[in-house]
Structures are given as structure tokens and as C-alpha cells.
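Chemist: Can you look at this prediction? I've put the sequence above it.
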Amino acid sequence: MDDLRDKYLRQIGDAADEAALEQVRLAAVGKKGEVALKMRELGKMTPEERQVAGPALNALKTEINSALAARKVALEDAALDARLREEWLDVTLPTRARRPGSIHPISQVTEEVTAIFADMGFSVAEGPQIETDWYNFDALNIPGHHPARAEMDTFYMARAEGDNRPPHVLRTHTSPVQIKAMEAQGAPLRAICPGRVYRADYDQTHTPMFNQVEGIAIDRDISMANLKWCLEEFCRAFFEVDEIELRFRASHFPFTEPSAEVDIRCSWEGGTLKLGEGDDWLEILGSGMIHPKVLAAGGIDASEWQGFAFGMGIDRIAMLKYGIPDLRAFFDSDLRWLRHYGFSALQAPTRHAG
Ligand code: DAH
């Protein structure tokens, strides 16, 4: 009995981890362990022998069990200590310098445009990027057979089989938001509508998705003169140049009458673009007086109200203002490009005072 006791207490003390300790437990006090075997031998003993051996075996079992329990706690403590030593963390270290994120030029320019037109009393209206045929075309006086539909390289949404209605489209311009704004607010109305538009086209100056901003002003006696003043005011503020000259070139859009494309005077001397001087002209937007049919489609009485509208490429004016050469890079998500052309999150939109 003393031998058993010494043997197992030593083995318990030597067990290096919980697995080794479990082996010792099974060998000593498990169902088939040595102590159990000894207990079985009690049957062969005389009653006198049994009276001595029985309690001694029980005491041995108890002693071994408490030695096992104590060792188990000690091993757990040691394991925790080892882990804590391993996983230490120096909370007094200085924080690591991280690169701050940046604002994409499209977001920045949208903010700038919005701030400038807000100063002139324009609110911001929004519409869905998936439009019905009606809002994208018909309501804007572009009926089914009109060549403008083909010219726009429209993306059509799939229709369920058997559904013969005209398919929805990815809006090809922000002009449908004009109609939505008229329906929602009625006249008088002054709003800009910035957002994404889609056309199946891809080269250095075209991407299948790009950004436009639409502007409309409707009142009883709005004229082309108001349009001209607004756009000049906008260009001065946006491009931060005092002397801006715009040229209104007669054009045609189904949704305006008369229509004008607007060019800005510029020079390309020395390979760099300067606005407001030189002998070149750069087209920046389309505009005109809203067609009476378009007003009617928006629920506005054309005999009482009239207004101007314009549509401008946000990406395009961003490229001009910030000297960005390739439109496709706007949508490549290249971090190096973003770090170069991006804006600090705390940089306020520029607003030229002159
Ligand atoms: N929707 C035209 C386009 O995407 C741009 C445009 C031209 C909008 C003239 C207008 C406008 O509001 O009056 O090409």
C-alpha cells in the first residue's frame, strides 16, 4: 500500500500537463486502475484483514484523488501563466501612423457644385438609377421612334417572359429627375439633380457609368438670360476664375426649345489648360428652355410657367478643374490614384469669393 501511494503521488507530481495527469488518474483510481484491482482483492481476504485493508484502500483512493485535483489546479495555473507571458500587450506603445482615407474627386466636385447652386437657391433632388421608359424618354419628349434613343446607347433591363411592357432602362441621363421634381414640388421650382447615369460606351473620355448634374429653374418669367447668368456665376465660382467667358451655341435637344450647348473660353498653351483666356472653346454642358411638353409631362401648366434646364457632366468638369487626364481612372479604385487626386475629409468645398 505504501509503495502504491509513493508511486502514484510521485507520478502525479511529475505529470507535466493535463493529458499526462489523466493517464496517471486512469492507472491509479480509474475503473480498471490499480486501486480498483486491489479493492477487488478484498473479497479474498479474511474479515479481519479486510477490516484493516478496506479503510486503508479507501483512504489511499481519497489521498490520490485530492493529489490529482491539486495537481490539476496547479497545471491550469501554470498553463494560464504561460499563455499570459506569451500574449502580453504593451498598451503604452504609441499608435501606429495610418494613412487617412480620402474623398473621391466625384464626391468632392458634387459637393462643390451643390454648395454653389445652393447659394443660388437650388435644392437637391434625386431619382432612381433604374428608370421606366416613360421617365427616361417619353416624358422628356423623346418618343419611341426618336433617334435620340438609339444615340444614347441605352442599357435595357431584362423583362420577364410574356411581359410586353417596354423594359426599364438604366437611366441614360439625369433629366428624368426633372420630371420627378416637377411632380413632387410643382412650380415655382429650383433644383439640381446630381447622380449616376449609364451608357454603353467605353474609351478615354467615356465610361459605361458616369455622373451628371441636371439643373432646372421654373417660374413665371424665367428666361435664357437667367440661364446665362446662373451658368456664368456657377463657372466663376466652380473654376475659381474671375474672368470667365461662355459661348451659347444653338443646338437641339428634344426636351428644350430653344436649346444651346455651352462652351467655355480656354487656352491650351504649353499643353496646360487655362480657362477664361485664349482662342479655344471647350464644350461643358447642354441647356435650353424647358419644352412645354416636358412641363406638361411633369404636371406643370406651360401657359403659366416656364423655365430653363441644363445638364452637365460632373466627371468632365472634375477633369477640367483638377487636371485629371483619363476618365476611366475615376472608376478603377486604384489606391495610388485616389491618394494623388483624392481630397482630405476635412477640406471644405471650394467657393470662389470673386
Ligand atoms: N440630358 C442631356 C444628355 O444627357 C443633357 C442635357 C441637355 C440636359 C440639355 C438638359 C438640357 O437639361 O437642357 O446629353
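Modeler: In hand now; what should we look at?

Chemist: only C-alpha atoms for contact and neighbour calcs from this point on.
Modeler: Fine.

Chemist: Report how many residues lie close to residue 204.
Modeler: Look at residue 204: counted by other C-alpha atoms under 10 Å, it has 10 neighbours.

Chemist: Which residues are in contact with it?
Modeler: Going by C-alpha atoms under 8 Å, 6 or more residues apart in numbering, residue 204 touches 326, 327, 328.

Chemist: I'd assumed residue 208 was in contact with the second one.
Modeler: No. Counting by C-alpha atoms under 8 Å, residue 327 stays clear of residue 208, with 10.9 Å between them.

Chemist: Which one of the two is surrounded by more residues?
Modeler: More crowded of residue 327 and residue 208, by other C-alpha under 10 Å: residue 327, with 19 against 16.

Chemist: buried stuff in the helix or strand containing residue 53?
Modeler: Per DSSP states H and E: residue 53 is located in helix 47-86. Within helix 47-86, the residues that qualify as buried are 50, 53-54, 57, 60-61, 64-65, 67-68, 71-72, 75, counting by 16 or more other C-alpha atoms under 10 Å.

Chemist: if we can go back for a sec, let me know the closest of the contacts of residue 204 to the ligand.
Modeler: Of all these, the ligand sits closest to residue 327, with 16.6 Å by C-alpha to the nearest ligand atom.

Chemist: Return the backbone torsion pair for the closest one.
Modeler: phi -60, psi -40 (degrees, to the nearest 10).

Chemist: who touches it in this structure?
Modeler: Listed by C-alpha under 8 Å, 6+ apart, the contact partners of residue 327 are 204, 205, 206, 207, 315, 316, 319.

Chemist: Of the residues you listed, just say which sits nearest to residue 2.
Modeler: The closest of the contacts of residue 327 to residue 2 turns out to be residue 207 (C-alpha to C-alpha; 90.0 Å).

Chemist: Quick check: residues of the protein near the ligand?
Modeler: Within reach of the ligand by C-alpha under 6 Å from any ligand atom, the chain has these residues: 173, 175, 214, 256, 286, 287, 288, 309, 310, 311.

Chemist: Now do the contacts for the fourth one.
Modeler: Meaning residue 256. Applying C-alpha under 8 Å, 6+ apart to residue 256 gives the contacts 287, 288, 289, 290, 291, 309.

Chemist: what about the helices in the stretch 251-354 of the chain?
Modeler: Secondary structure of the stretch 251-354 of the chain (DSSP state H, counting those that start in this stretch): helices located at 292-297, 314-322, 335-341.

Chemist: And the last one, what does it pack against?
Modeler: In other words, helix 335-341. Of the remaining helices and strands, none touches helix 335-341 by 3 or more C-alpha pairs under 8 Å, 6 or more residues apart in numbering; DSSP states H and E.

Chemist: Not counting that helix itself, show me its contacts.
Modeler: 102, 104, 105, 322, 324, 329.

Chemist: What's the PyMOL line that selects buried ones from these?
Modeler: In PyMOL, a selection of the buried entries from the contacts of helix 335-341 looks like this (16+ other C-alpha under 10 Å):
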select buried, resi 102+104+105+324
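
Chemist: Next, format the contacts of helix 335-341 as a markdown table and append pLDDT.
Modeler: What follows is the contacts of helix 335-341, written out as a markdown table (pLDDT from 0 to 100):
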| residue | pLDDT |
| --- | --- |
| 102 | 88 |
| 104 | 94 |
| 105 | 94 |
| 322 | 90 |
| 324 | 88 |
| 329 | 91 |
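
Chemist: Throw the contacts of helix 335-341 into a markdown table and include distance to residue 188, thanks.
Modeler: Shown next, in a markdown table, are these (distance: C-alpha to C-alpha, whole Å):
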| residue | distance to residue 188 |
| --- | --- |
| 102 | 38 |
| 104 | 34 |
| 105 | 32 |
| 322 | 35 |
| 324 | 38 |
| 329 | 40 |
